[in-house]
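**Student:** Here is the input, now give the coordinates:
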Amino acid sequence: MTKNLEEEMNRRIESGEFGNPPNIKLVTAVMQEMHEMEIGKNTPTYHNISGLWAEHKSPKVAFSGRVQEDVHIPAGTKLLCFRRESDNDRAPDLGLVYVTYDD
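**Tutor:** Coordinates of the predicted model:
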C-alpha cells in the first residue's frame, strides 16, 4: 500500500467512518478496493518465470518447467499462468509470469 493510501485510510478510520471500534471487515474491503483502484492507474509489467509443459507420465505433477535465470518474487506479487497455443509440439503449454506495476 502506498503512503498516500495508508494516510487516507488512517484519516477515515480516525474520523469514525467505519464505526467505533472500526469494523475490520469493512476497513479491509475498502482498503482492497482503494488498492485495486491505485494499481489500475499503473502500467503492468509481465516478467517471465518459465514455460510449463504438461506432464503426462506423472499422476501427481500436472505441469513442469525450468527457470532460466534467478528470480526474486516479492511476497504478495500476482502470478499469472497463460495458456500458450502453438503448432510447435515442443512449445510450452503454459507460460508462468509475475506482474509488477510501474508508476
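**Student:** For the closest residue to Phe82 other than its chain neighbours, grab the count of nearby residues.
**Tutor:** Nearest residue to Phe82, sequence neighbours excluded (C-beta to C-beta, 6 or more residues apart in numbering): Gly95, at 4.5 Å. Glycine gets a C-beta too; all of them are placed from N, C-alpha and C. Using other C-beta atoms under 10 Å, Gly95 has 18 neighbouring residues.
**Student:** Surely Gly95 forms part of a helix?
**Tutor:** No: under the criterion used here (DSSP: H, G, I helix; E, B strand; the rest coil), Gly95 is strand, not part of a helix.
**Student:** who does it bridge with?
**Tutor:** For Gly95, the beta-bridge partners under DSSP bridges are Gly51, Phe82.
**Student:** shouldn't it be in contact with Leu79?
**Tutor:** No: in this structure, Gly95 is not within contact of Leu79 by C-beta atoms under 8 Å, at 11.3 Å.
**Student:** any idea how far the residue nearest to Phe82 is from Val30?
**Tutor:** 34 Å (C-beta to C-beta, to the nearest Å).
**Student:** picking up where we left off before, who are the contact partners of the residue nearest to Phe82?
**Tutor:** 48, 50-52, 81-82, 84 (C-beta atoms under 8 Å, 6 or more residues apart in numbering).
**Student:** so Val67 touches Ser50, yeah?
**Tutor:** Yes: judged on C-beta under 8 Å, Val67 makes contact with Ser50 at a distance of 5.1 Å.
**Student:** Let me see the ranges of the strands in this structure.
**Tutor:** 43-54, 63-64, 78-83, 94-102 (DSSP state E).
**Student:** lowest-pLDDT helix or strand in the chain?
**Tutor:** helix 24-40 (a mean of 82; mean pLDDT, DSSP states H and E).
**Student:** Remind me what that helix packs against, helices and strands.
**Tutor:** Here helix 24-40 touches helix 3-14, going by 3 or more C-beta pairs under 8 Å, 6 or more residues apart in numbering; DSSP states H and E.
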